[in-house]
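Trainee: structure here, sequence nowhere to be found:
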Ligand code: DGY
């Protein structure tokens, strides 16, 4: 009987997905809480037929070379794939999988939660109580912004951006969006606008665009200068879409009202980052998709991509389907 193909899984993923892989293949599992170092990645992929990696692992052309010609698939346990140099995999005919669709609602829920928390100063208010500053009810204590009638600007109108719009419409917000590739639907109450219009008209801005050379530092000092003074900015997409020094200045000087970041650049943020001093900024550790059932589904989808790839079948969710046209 021939030995099962070997695969490398770079972290303990939810059991529902891990078991699928362990039942199918011989799994080398990285069990540390922290990601494997680059050197360890390059060693551990040697001879594997498949790699199941996380957004904390960089996969570029060096990795398939280190793995060897038997590498048949790279499966990312995330919908975003800016950690993978996809053309390097495509050039070697290696399909790359991701986990689209299943984390849309969890991520939009969390983006909306962050928006409400930042606009109504929930985290700041909690600190206010815990640090003994609450002396009495006051007419002007911790005033925030109203939602009804305000304008939400969504940057990136894909699945998650549209789910964010649905939530906002339920709160009677006006919704506008900027997305050069989106084709407006005739019955969509949300309106497509230019980036300049979005920046200057939005009371709230939520980022839902992938990270690419075009979106890196899209929110820079120039963008902050165009925003309203009451603007609240939420980022659940990728940290480098915001120029963090420009964000710091905008929050520190009151150029904008508040912000909430699920993602930062780098992750984790160093403890001496000046951002951590700001009262009007909420920062959480990249958990927008972190609900139990969503993470189970992500693990199962990543496992299904890995299993299909090792079997030489088409991945259920493939980022570079052009590998199949060869
Ligand atoms: C993704 O999947 O890209 C998210 O950032 C993590 O869930």
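Mentor: Sure thing, it's come through. Just so it is clear, the structure is predicted and the values come from calculations on it, not from any experiment.
Trainee: got a list of what residue 230 touches?
Mentor: Residue 230 makes contact with 145, 203, 256-257, according to Cβ atoms under 8 Å, 6 or more residues apart in numbering. For glycine as for every other residue, the C-beta is placed from the backbone atoms N, C-alpha and C.
Trainee: tell me which parts of this structure are close to the ligand?
Mentor: Proximity of the chain to the ligand (Cβ under 6 Å from any ligand atom) is limited to residues 55, 78-80, 103, 289.
Trainee: of those, which belong to strands?
Mentor: Judged by DSSP state E, the residues of the chain next to the ligand include no members of strands.
Trainee: want to throw those residues into TSV with distance to residue 316 and pLDDT?
Mentor: Below are the residues of the chain next to the ligand laid out as TSV (distance: Cβ to Cβ, whole Å; pLDDT from 0 to 100):
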residue	distance to residue 316	pLDDT
55	19	97
78	15	98
79	13	97
80	18	97
103	15	98
289	18	98
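Trainee: identify the farthest-apart pair in these.
Mentor: Using Cβ to Cβ, those reach their maximum pairwise distance at 55 and 103, which is 11.9 Å.
Trainee: higher neighbour count, those two?
Mentor: When residue 55 and residue 103 are compared on other Cβ atoms under 10 Å, the one with more neighbours turns out to be residue 103, at 24 against 20.
Trainee: can you get me a residue count around the residue lying closest to residue 317 once chain neighbours are set aside?
Mentor: What sits nearest to residue 317 in space, not counting adjacent residues and going by Cβ to Cβ, 6 or more residues apart in numbering, is residue 97, at 5.4 Å. By other Cβ under 10 Å, 27 other residues sit near residue 97.
Trainee: ditto for residue 144
Mentor: So residue 144, with other Cβ under 10 Å, has 18 neighbours.
Trainee: tell me how far it lies from residue 151.
Mentor: 16 Å (Cβ to Cβ, to the nearest Å).
Trainee: SS state for the residue nearest in space to the middle of the chain?
Mentor: Per Cα atoms, centre = their mean, the C-alpha nearest to the average position across the chain is that of residue 237, at 3.8 Å. Put simply, residue 237 is coil when judged by DSSP: H, G, I helix; E, B strand; the rest coil.
Trainee: check contacts around the spatially closest residue to it that is not a sequence neighbour.
Mentor: Among residues not flanking residue 237 along the chain, residue 207 sits closest, at 4.5 Å (Cβ to Cβ, 6+ apart). Contacts for residue 207 were tallied using Cβ under 8 Å, 6+ apart; they are 155-156, 218-219, 233-237, 241-242.
Trainee: bridged to residue 207, which residues?
Mentor: Per DSSP bridges, the residues bridged to residue 207 are residue 155, residue 235.
Trainee: I'd like to know how far it sits from residue 284.
Mentor: 15 Å.
Trainee: what's stretch 318-325 in contact with?
Mentor: 81, 84, 86, 89-90, 93-98, 305, 314.
Trainee: now do the strands in the stretch 1-150 of the chain.
Mentor: 6-9, 26-29, 50-53, 73-76, 96-97 (DSSP state E, counting those that start in this stretch).
Trainee: nearest approach to residue 112 belongs to which of those strands?
Mentor: The nearest among the strands of the stretch 1-150 of the chain, by Cβ to Cβ, is strand 73-76 at 25.4 Å.
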